[in-house]
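S.K.: let's see this in three dimensions:
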Amino acid sequence: MDSELKEKMEQKISEVIENSDEIFQIVKYLDNFSKKYNSFGYGIAIGRLYNSFHYQCRRILKRNPTKEEFSEFLEILSKRQNEILEVFKLS
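M.R.: Here you go, the predicted model:
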């Protein structure tokens with residue numbers, strides 16, 4: 001693996017560990033989940049959205065999101081949760 005890429009991935013793992021409280025908030029906020037859904041696919045989808053949220057804050061605002069902005073992100077996820085869940089519904 002490229003050394004710069006490896007360093008960036010190590011940094012991202014540290015960020016996940018440091019921001020685990022945000023991940024727990026997402027899990028708590030999105031409580032409609034049950035065994036009838038593909039949890040792995042759903043987790044990947046939410047992870048991509050979470051990553052995009054942080055990336056876009058840094059790209060557009062040139063800073064990390066505030067707690068208020070994170071709360072607004074959770075509200076958006078909550079409002080669209082059923083749409084996301086439907087995609088990962090098991091037959």
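S.K.: pLDDT at the residue nearest to Phe73 when sequence neighbours are not counted, what is it?
M.R.: Closest residue to Phe73 apart from its sequence neighbours, by Cβ to Cβ, 6 or more residues apart in numbering: Phe53 at 5.0 Å. For the C-beta atoms, the positions are set from N, CA and C on the backbone; glycine is no exception. Note for Phe53: predicted pLDDT of 92.
S.K.: using the three-state scheme, assign Phe53.
M.R.: Assigned with DSSP: H, G, I helix; E, B strand; the rest coil, Phe53 falls in the helix class.
S.K.: the one 4 residues further on too?
M.R.: Using three-state DSSP, the secondary structure recorded for Cys57 is helix.
S.K.: for Lys6, see how far away Tyr50 is.
M.R.: From Tyr50 across to Lys6, the span is 22 Å (Cβ to Cβ, to the nearest Å).
S.K.: these two: which is more packed in?
M.R.: For Tyr50 versus Lys6, the count of surrounding residues by other Cβ atoms under 10 Å is larger for Tyr50: 18 against 10.
S.K.: quick check: the more buried one vs Leu30, distance?
M.R.: Distance from Tyr50 to Leu30, by Cβ to Cβ: 11 Å.
S.K.: pull the contacting residues for the residue nearest to Phe73.
M.R.: Neighbouring residues of Phe53 by Cβ atoms under 8 Å, 6 or more residues apart in numbering: 65, 70, 73.
S.K.: redo those residues as CSV? Include distance to Glu86, secondary structure and pLDDT.
M.R.: As requested, these are arranged in CSV below (distance: Cβ to Cβ, whole Å; DSSP: H, G, I helix; E, B strand; the rest coil; pLDDT from 0 to 100):
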residue, distance to Glu86, secondary structure, pLDDT
Pro65, 27, coil, 91
Phe70, 25, helix, 92
Phe73, 20, helix, 91
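S.K.: remind me which residues of the protein are low pLDDT?
M.R.: For the chain, the stretches with pLDDT under 70 are 1, 31-37, 90-91.
S.K.: 80 instead?
M.R.: For the chain, applying pLDDT under 80 flags the ranges 1-2, 4-6, 9, 12-13, 16-17, 23-24, 26-41, 87-91.
S.K.: that one: helices as residue ranges?
M.R.: With DSSP state H, the ranges of helices along the chain come out as 3-18, 20-29, 39-56, 67-87.
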